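A.B. asks: The amino acid sequence is not available; the structure is as follows:
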């Protein structure tokens with residue numbers, strides 16, 4: 001992880017109590033609240049990204065999507081390995 005960013009968040013009292021109770025039942029330690037929020041945000045971003053990709057490819061056949069993925073991975077592989085040779 002890079003340098004952490006500081007956020008100021010406001011949530012309802014019920015949400016605060018529910019999350020802190022959950023963390024406490026799991027033997028919560030310092031930093032667990034931040035880790036929980038980061039994991040939740042990353043999951044939400046991934047979920048939204050997947051929705052966007054699905055929507056963007058809704059009119060395509062499975063074979064067409066598979067070919068697009070294969071092409072992109074091939075391009076990425078060439079770039080990835082080329083960058084490491086220099």
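C.D. replies: Yep, that arrived. Just so we're clear, the structure is a prediction, and the values are computed from it rather than from any experiment.
A.B. asks: pLDDT of the helix or strand hosting residue 76, averaged?
C.D. replies: Using DSSP states H and E, residue 76 maps to helix 62-85. The pLDDT scores in helix 62-85 average 84.
A.B. asks: How far off centre is it?
C.D. replies: In terms of Cα atoms, centre = their mean, to the nearest Å, the centre of helix 62-85 is found 21 Å from the chain centre.
A.B. asks: Other residues contacting it?
C.D. replies: Counting contacts by Cβ atoms under 8 Å, 6 or more residues apart in numbering, the residues outside helix 62-85 that touch it are 57, 60. (C-beta placed from N, C-alpha, C; glycine too.)
A.B. asks: Please identify the buried residues of it?
C.D. replies: Within helix 62-85, no residue counts as buried by 16 or more other Cβ atoms under 10 Å.
A.B. asks: what's the spacing between residue 46 and residue 34?
C.D. replies: Distance of residue 46 to residue 34, computed by Cβ to Cβ, to the nearest Å: 19 Å.
A.B. asks: Around residue 32, how many other residues sit close by?
C.D. replies: 16 (other Cβ atoms under 10 Å).
A.B. asks: was I right about it contacting residue 23?
C.D. replies: Yes - between residue 32 and residue 23 there is a contact at 4.9 Å, judged by Cβ atoms under 8 Å.
A.B. asks: just checking, what packs against whatever helix or strand residue 44 lives in?
C.D. replies: Element membership of residue 44, judged by DSSP H and E, is helix 32-56. When contacts are defined as 3 or more Cβ pairs under 8 Å, 6 or more residues apart in numbering; DSSP states H and E, helix 32-56 packs onto helix 13-25.
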